[in-house]
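Visitor: heads up, no residue letters with this:
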């Protein structure tokens, strides 16, 4: 038997073991269930051991699976210890970081500032855009690490971060509840905007497009101008707007989930920044 496993394969096995279901593990890893199943079969074939007992209710570890899980966790922990040990040395270099626009002006600046204070010799080249553009630039090799909507990527993210959004509108917005609710939308949709639209339909709320925008500044302008309601990070709500959760029979605002994506075999430099970004979940 000549078996070798990269860290993503081990993390995939651990995800299946922890969730007890291929579908749940696939959701966690942003992979298809078929891809997860194929990778599991590869491990079992190379080991010549059944690692899971499969049933209609999910999967459970066999005795061999329990042993493999212990080793997999040790390998992951040892790798992380090795990276931390290497990072005790001074980090020098350049990182090309791409951020979803809303995050770039709300949650993440603090993490980037702390990282730069800890590693002053690291140059950060920062860009922000929508998730579709970030995915293109990442796949074209223009960025080293990106934080964006997982729906735009075929690869599993290094990790996820998520935030509860809020409904908001101008303090001067006058909504006639007899008419469809005006909603401000991004022109390029994303998974949480799709969920927002679906939740309005499920709640039986008649709505109309108050305005379509191409950027966060345009979204803020439209909301401040009273063109409709929208969802934002709580930190992004302008002072002349207000959160309106629960008003107009609005459903709960969606959760925005982001994936942190890095190049294959990321350097200690990139891994350290990724960990700093993970703390913001």
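Guide: Structure received. Fair warning: this is a prediction, and the values are worked out from it, not measured in the lab. Numbers count the residues shown, from 1 in each chain.
Visitor: residue ranges for the helices of the chain, please.
Guide: Counting by DSSP state H, the segments of the chain that form helices are 7-19, 22-29, 33-47, 63-87, 101-104, 108-118, 131-139, 191-202, 216-224, 268-278.
Visitor: closest to residue 245 out of the ones you listed?
Guide: Of all the helices of the chain, it is helix 191-202 that lies closest to residue 245, at 12.5 Å by Cβ to Cβ. All C-beta spots, glycine's among them, are computed from the backbone N, C-alpha and C.
Visitor: got the buried residues for the closest one?
Guide: Burial within helix 191-202, assessed by neighbour count using 16 or more other Cβ atoms under 10 Å, is assigned to 191-193, 195-196, 199-200.
Visitor: my guess is residue 28 meets residue 15, correct?
Guide: Yes. If you go by Cβ atoms under 8 Å, residue 28 and residue 15 touch, sitting 5.1 Å apart.
Visitor: quickly list the domain ranges of this protein.
Guide: Partitioning the chain according to automatic domain parsing yields domains covering residues 7-87, 93-163+257-278, 166-253.
Visitor: which of those domains is buried the deepest?
Guide: Each of those was given a mean neighbour count from mean count of other Cβ atoms under 10 Å, and the largest, a mean of 18, is that of domain 93-163+257-278.
Visitor: chain center to that domain, what's the gap?
Guide: Its chain's C-alpha centre and that of domain 93-163+257-278 lie 10 Å apart, by Cα atoms, centre = their mean, to the nearest Å.
Visitor: got it, and stretch 232-250?
Guide: From the chain centre to the centre of stretch 232-250 is a distance of 22 Å (Cα atoms, centre = their mean).
Visitor: identify the residues contacting it?
Guide: Outside stretch 232-250, the residues within contact range by Cβ atoms under 8 Å, 6 or more residues apart in numbering are 102-103, 105-107, 163-172, 175, 177, 181, 200, 203, 205, 216, 219-220, 223-224, 229, 252-253, 256.
Visitor: now it: mean pLDDT?
Guide: Per-residue pLDDT over stretch 232-250 has a mean of 91.
Visitor: still on that earlier bit, adding distance to residue 94 and mean pLDDT, write the helices of the chain out as a markdown table.
Guide: Below are those laid out as a markdown table (distance: least, Cβ to Cβ, whole Å; pLDDT from 0 to 100):
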| stretch | distance to residue 94 | mean pLDDT |
| --- | --- | --- |
| helix 7-19 | 24 | 89 |
| helix 22-29 | 29 | 86 |
| helix 33-47 | 33 | 88 |
| helix 63-87 | 16 | 84 |
| helix 101-104 | 18 | 83 |
| helix 108-118 | 12 | 82 |
| helix 131-139 | 16 | 92 |
| helix 191-202 | 31 | 94 |
| helix 216-224 | 26 | 94 |
| helix 268-278 | 9 | 86 |
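Visitor: now the ones you listed as TSV including distance to residue 248?
Guide: Converted to TSV, the helices of the chain look like this (distance: least, Cβ to Cβ, whole Å):
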stretch	distance to residue 248
helix 7-19	37
helix 22-29	31
helix 33-47	38
helix 63-87	47
helix 101-104	23
helix 108-118	31
helix 131-139	28
helix 191-202	10
helix 216-224	15
helix 268-278	35
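Visitor: now do the closest residue to residue 168 other than its chain neighbours against residue 123, distance only.
Guide: In space, and not counting its chain neighbours, residue 168 is closest to residue 237: 4.7 Å by Cβ to Cβ, 6 or more residues apart in numbering. The spacing between residue 237 and residue 123, counted by Cβ to Cβ, to the nearest Å, is 33 Å.
Visitor: just residue 109 next, same as before
Guide: Computed as Cβ to Cβ, the residue 109 to residue 123 distance reads 17 Å.
Visitor: before we move on, what about residue 28?
Guide: Between residue 28 and residue 123 the computed distance is 33 Å (Cβ to Cβ).
Visitor: for residue 39, same thing?
Guide: When Cβ to Cβ is the yardstick, residue 39 and residue 123 sit 37 Å from each other.
Visitor: what do you get for residue 168?
Guide: Taking Cβ to Cβ as the criterion, residue 168 is separated from residue 123 by 36 Å.
Visitor: again with residue 50
Guide: According to Cβ to Cβ, residue 50 stands 50 Å off from residue 123.
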